[in-house]
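Chemist: With the input below, show me the fold.
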Amino acid sequence: MRTDLFDFELPPANIALRPASPRDSARMLVVQPDGVLHDRAVAELPDWLQPGDQLVVNDTKVISAQLRGRRIGRETEPKIEATLIKRLDGSRWRALVKPAKKLAPGDVVRFGNEGKVCLLGHLDAEVEAKGEEGEITLSFSFHGPTLDQAIADLGTPPLPPYIASKRTPDDRDAADYQTMFAANEGAVAAPTAGLHFTPALEAALRERGVGLHRITLHVGAGTFLPVKVEETSEHRMHAEWGLISAETATALNAARAKGGRIVAVGTTSLRLLESAAAEDGTIQPFGAETAIFITPGYRFRAVDILLTNFHLPRSTLFMLVSAFSGLETMKQAYAHAIAGGYRFYSYGDACLLFRARE
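Modeler: Numbering: from 1, shown residues only. Alright, predicted model coming up:
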């Protein structure tokens, strides 16, 4: 399909720079299969679910993947910003850097800043390889848990560019940009639908008879990238690592056999569930990378309902929700949301989508 079919105009005023407080007070646009829209709040989510439905959340935890430093060992020492996007082994990471033109294989970048002390006071990394669009491979001077601690000490959460370009990240973001389910470190972007949850909302869902299950997909920086090719078939997805335990798969399959619906909290949970689903919808245990790219025409096998935020134009995520609920339905829903002042993107409001009838 043509990428421009998924374009729309979003006024800058609709981009949220801080989350709602409390989190479950965010607005929620309910989009039913027939295209009927309802303006609600996230706290009302239990009202739209049934006893026996199963909520699936992503328990990945965002690491402090944004590092700032300088190139050393040459006459000039330009400032370098790096966002870690994928661990390769105990000491090597793939990263996006700015300005990439200032670095060449063999260069050393020293990360660190005054006011934060990390072991010897800094963290060095050699540029091992250089790829396309600002991507490089960094080989760090530390390894394993020591490197993890150094990154945690020196780094900051990598806020999406549409927030970071409008204000400076601060200490509030360290808490705001983690979900209440965050447990397994490895993401460089938050599974943002999970940001709406509070202990009170979880309790209300359990009282309603809705089950809650945790799976893990370590979200990569590719989630920020727009689709730049003219045809969606030409787009290359970044692979992300995911895990669904045998226990969770068994529980979800048992609930579904009894008529319970699978409710994915976020596109990350949906993508992992669909990656693990057999043709008949049975969810298999999963522990691997997935680069699943869902566009209109995809036949959903596992997920019945999706709670998600409002996404960027021309993004793989807007393509996914268009596949789930129908392109025209989602264009109408987004037009309604923009006109109604809904807040978009990572810190924004939510929509509850029911899968389009086949």
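Chemist: okay, the closest residue to residue 144 other than its chain neighbours: pLDDT?
Modeler: Leaving out its chain neighbours, the residue that sits closest to residue 144 by C-beta to C-beta, 6 or more residues apart in numbering is residue 90, at 4.7 Å. In short, each C-beta sits where N, CA and C put it, glycine included. Residue-level confidence at residue 90 comes out at 91, pLDDT.
Chemist: need the contact list for residue 90.
Modeler: Each residue near residue 90 by C-beta atoms under 8 Å, 6 or more residues apart in numbering is listed here: 143, 144, 147.
Chemist: how near is the closest residue to the last one other than its chain neighbours to residue 188?
Modeler: In this case it means residue 147. What sits nearest to residue 147 in space, not counting adjacent residues and going by C-beta to C-beta, 6+ apart, is residue 140, at 5.3 Å. Computed with C-beta to C-beta, to the nearest Å, the distance linking residue 140 and residue 188 is 16 Å.
Chemist: Which one's more surrounded, these two?
Modeler: With other C-beta atoms under 10 Å as the criterion, residue 140 and residue 188 differ in neighbour count, and residue 188 comes out ahead with 28 against 20.
Chemist: Now do the helices in this structure.
Modeler: Taking DSSP state H as the criterion, the chain carries its helices at 144-154, 161-164, 171-176, 199-208, 246-257, 267-276, 316-325, 327-339.
Chemist: Nearest to residue 109, out of the ones you listed?
Modeler: helix 144-154 (11.9 Å; C-beta to C-beta).
Chemist: Next, the buried residues of that closest one.
Modeler: 146, 147, 148, 150, 151, 154 (16 or more other C-beta atoms under 10 Å).
Chemist: dump the residue contacts of the second one.
Modeler: In other words, residue 147. Contact analysis of residue 147 by C-beta under 8 Å, 6+ apart lists 90, 91, 123, 140.
Chemist: and which of the residues you listed is nearest to residue 218?
Modeler: When the contacts of residue 147 are compared for distance to residue 218 (C-beta to C-beta), residue 90 wins out at 16.3 Å.
Chemist: now that closest one: how far from residue 287?
Modeler: From residue 90 to residue 287 the distance is 19 Å (C-beta to C-beta).
Chemist: As a markdown table, the contacts of residue 147 with distance to residue 236 would be great.
Modeler: A markdown table is the format used below for those (distance: C-beta to C-beta, whole Å):
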| residue | distance to residue 236 |
| --- | --- |
| 90 | 27 |
| 91 | 26 |
| 123 | 30 |
| 140 | 27 |
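Chemist: from those, which is closest to residue 168?
Modeler: Comparing those against residue 168 with C-beta to C-beta picks out residue 123 as the nearest, at 21.9 Å.
Chemist: Report how many residues lie close to the closest one.
Modeler: Residue 123 has 23 neighbours, counted by other C-beta under 10 Å.
Chemist: Likewise for residue 12?
Modeler: Applying the criterion other C-beta under 10 Å, we find 8 residues in the vicinity of residue 12.
Chemist: re earlier: and the two most separated of the contacts of residue 147?
Modeler: By the measure C-beta to C-beta, 90 and 123 form the most distant pair in the contacts of residue 147, at 14.4 Å.
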